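Novice: Provided below for reference: sequence and predicted model.
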Amino acid sequence: MSQTSSRDGHASPDADESHSPAPITMMLSSRLMVLANLLKRGAILRYKRLAGLNSVEFGLVASLGRRPPMSVARLAEAVGQDKGQISRALAELVSRKLIVKSANPKDSREVLVSLTAAGLAAHDAIVAGAQERNRRLLEHLSQEEFETLLVQIDQLTATAAEMLEAEKVPR
């Protein structure tokens, strides 16, 4: 017997109760989290294979990209972690000669980081891998379906941001 679900995540009445998944797994948010986790796990494996980077290192190299040097504080903000959390990854990337640290000429108390030639090569491998993964993910969608999906994702993202802000308010 096939199972369908409604927009609120409830299984249809004709679903076989003994073999039906937990109701929460049918909700859109759960399905999106599964998709995001699958994409993240696949990306981590690919970038480890292509550039020898773990997920934190990958995030740092990707954020530095082909940009001017960035402060450690700004880089930490870009990857969504505090400076302490990324310090070990930065030290590893420096030891592997993928990034270089320098003092900010405008403020010697601030450390700037940038990619070396080897870091740029790793970044370019990441970008090429991401483009291939993106192509494969979207190859079955028409241009119209893709554009509709982007609009819907933007709408869901805005709603999720509002929901997050609402959760921060003490009740």
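Specialist: Yep, it's here.
Novice: just the strands in the chain please.
Specialist: Assigned by DSSP state E, the chain shows strands spanning 70-71, 99-104, 107-115.
Novice: Direction included, what does the second one pair up with?
Specialist: Put plainly, it is strand 99-104. Strand pairing for strand 99-104, using DSSP bridges, gives strand 107-115 (antiparallel).
Novice: Which residues does the partner strand contact?
Specialist: Contacts to strand 107-115, defined as Cβ atoms under 8 Å, 6 or more residues apart in numbering, come from residues 61, 64-73, 75, 90, 98-104, 122-123. Glycine gets a C-beta too; all of them are placed from N, C-alpha and C.
Novice: Going by neighbour count, which residues of stretch 124-131 are buried?
Specialist: Of the residues in stretch 124-131, 125-126, 129 count as buried by neighbour count, 16 or more other Cβ atoms under 10 Å.
Novice: what's the closest of the residues you listed to residue 39?
Specialist: Taking Cβ to Cβ as the measure, residue 39 lies nearest residue 129 of the buried residues of stretch 124-131, at 12.3 Å.
Novice: quick one, what contacts that closest one?
Specialist: Here residue 129 is in contact with 43, 46-47, 50 (Cβ under 8 Å, 6+ apart).
Novice: what's the answer for residue 56, then?
Specialist: 79, 81, 85-86, 89.
Novice: what's the answer for residue 72, then?
Specialist: Per Cβ under 8 Å, 6+ apart, neighbours of residue 72: 83, 86-87, 90, 110-113.
Novice: what does stretch 154-167 rub up against?
Specialist: 28, 32.
Novice: so how far is that stretch off the chain centroid?
Specialist: Stretch 154-167 has its C-alpha centroid displaced from the chain centroid by 17 Å (Cα atoms, centre = their mean, to the nearest Å).
Novice: Nearest spatial neighbour of the most centrally placed residue in the chain, chain-adjacent residues omitted?
Specialist: Residue closest to the average C-alpha location in the chain (Cα atoms, centre = their mean): residue 40, at 6.6 Å. Distances taken as Cβ to Cβ, 6 or more residues apart in numbering place residue 55 nearest to residue 40, at 7.7 Å, with adjacent residues excluded.
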